[in-house]
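>>> my questions concern the predicted model and sequence given below.
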Amino acid sequence: MAQVYSLNVVGYVNKSFTSGNYTLVCNPLSNGANDLNTIMPNAPAFSQVNLWDPVAFDFSPSIPTFNGGVWSPNPVIPPGVGFFVIAGADFTNTFVGNVLQGSVTNPVPLLGGGAYLALGNAVPVGGSLVNVLAGYTPSNFDQINTWDPVATDFSPAIPTFNGGVWSPDINLPVGDGFFLIRSSASTTTWVQNFTVQ
């Protein structure tokens, strides 16, 4: 009798959105296409997404909008990319897909010299910054900016890496996005090894 084993682990992550509020999230699972029509297929009409361009140091001028049951344009947003969602009405999105395992490289090139990078964990891990940023080697004075969707502004607590620790250390839920502001002038990568136990 043959035995069949699968290394794929399928999961889901629920994220809630409030009408008109900006919410900074990431796609925590890989569903193959990873485009907006597959990762957020049931958004309310007139919902929008803002994507960050780290080279231009600004939001992309192309603003995907959900109308008539589809996103237009329909960009690919792989796991590990942070993006803002402006909900057309209150809703909960269920991200569904495979948990990336093994050696996982975040798709955003970590530019240096004060670059602002919209990121998220490419695997569904939350908790302290040490957990969320596992595999990333921070430089002294790297900073993390998180978004407060209720205040519609960045959180006043700005964790900074210094002396081998993040201070203050904060907890990030699975699927939350954040901005990493790099102090080093060099470009690097964020590679983490992850296995579902």
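Looks like it came in fine. What you see is a predicted model, and the numbers here were worked out from it, not measured in a lab.
>>> from now on I want contacts and neighbour counts done on CA atoms only, so please keep to that.
OK.
>>> quick one: low-confidence parts of this protein?
Scanning the chain for pLDDT under 70 picks out 1-7.
>>> so N74 touches L36, yeah?
Yes - with contact defined as CA atoms under 8 Å, N74 and L36 form a contacting pair (5.6 Å).
>>> okay, those two: which has more neighbours?
Legend: neighbour count by other CA atoms under 10 Å for N74 and L36, higher for L36 (23 against 16).
>>> which ones are touching the more buried one?
71, 74-77 (CA atoms under 8 Å, 6 or more residues apart in numbering).
>>> list the residues that contact the closest residue to N140 other than its chain neighbours.
Nearest non-adjacent residue to N140, counting by CA to CA, 6 or more residues apart in numbering: N162, 4.8 Å away. Contact analysis of N162 by CA under 8 Å, 6+ apart lists 139-142.
>>> can you add distance to V13 and secondary structure and give those back as JSON lines?
Output for those, formatted as JSON lines (distance: CA to CA, whole Å; DSSP: H, G, I helix; E, B strand; the rest coil):
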{"residue": "S139", "distance to V13": "31", "secondary structure": "coil"}
{"residue": "N140", "distance to V13": "32", "secondary structure": "coil"}
{"residue": "F141", "distance to V13": "32", "secondary structure": "coil"}
{"residue": "D142", "distance to V13": "28", "secondary structure": "coil"}
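>>> nearest to N42 among these?
Using CA to CA, D142 is the member of the contacts of N162 that lies nearest N42, at 36.4 Å.
>>> thought I181 was touching the closest one, still the case?
Yes - contact criterion CA under 8 Å: D142 and I181 qualify, at 5.8 Å.
>>> more neighbours: the two, which one.
A direct count of neighbours by other CA under 10 Å for D142 and I181 places I181 higher, at 21 against 17.
>>> tell me the phi and psi of the more buried one?
The phi and psi torsions at I181 (degrees, to the nearest 10) take the values phi -110, psi 110.
>>> spit out the contact partners of it.
The contact partners of I181, taken as CA under 8 Å, 6+ apart, are 114-117, 142-145.
>>> show me the beta-bridge partners of it.
For I181, the beta-bridge assignment (DSSP bridges) gives partners Y116, Q143.
>>> now it: how far from V76?
23 Å (CA to CA, to the nearest Å).
>>> repeat for K15
Going from K15 to V76 by CA to CA gives 19 Å.
>>> okay, these two: which has more neighbours?
Shown here are K15 and V76; by other CA under 10 Å, K15 has more neighbours (17 against 14).
>>> and the helix or strand containing that one, what does it pack against?
Element membership of K15 [criterion: DSSP states H and E] is strand 10-17. When contacts are defined as 3 or more CA pairs under 8 Å, 6 or more residues apart in numbering; DSSP states H and E, strand 10-17 packs onto strand 91-98.
>>> how does it look with 10 Å?
Here strand 10-17 touches strand 22-26, strand 91-98, going by 3 or more CA pairs under 10 Å, 6 or more residues apart in numbering; DSSP states H and E.
>>> output these in a markdown table, with distance to T188 and mean neighbour count appended to each entry.
Formatted as a markdown table, the helices and strands packed on strand 10-17 follow (distance: least, CA to CA, whole Å; neighbours: other CA atoms under 10 Å):
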| stretch | distance to T188 | mean neighbour count |
| --- | --- | --- |
| strand 22-26 | 20 | 25 |
| strand 91-98 | 26 | 18 |
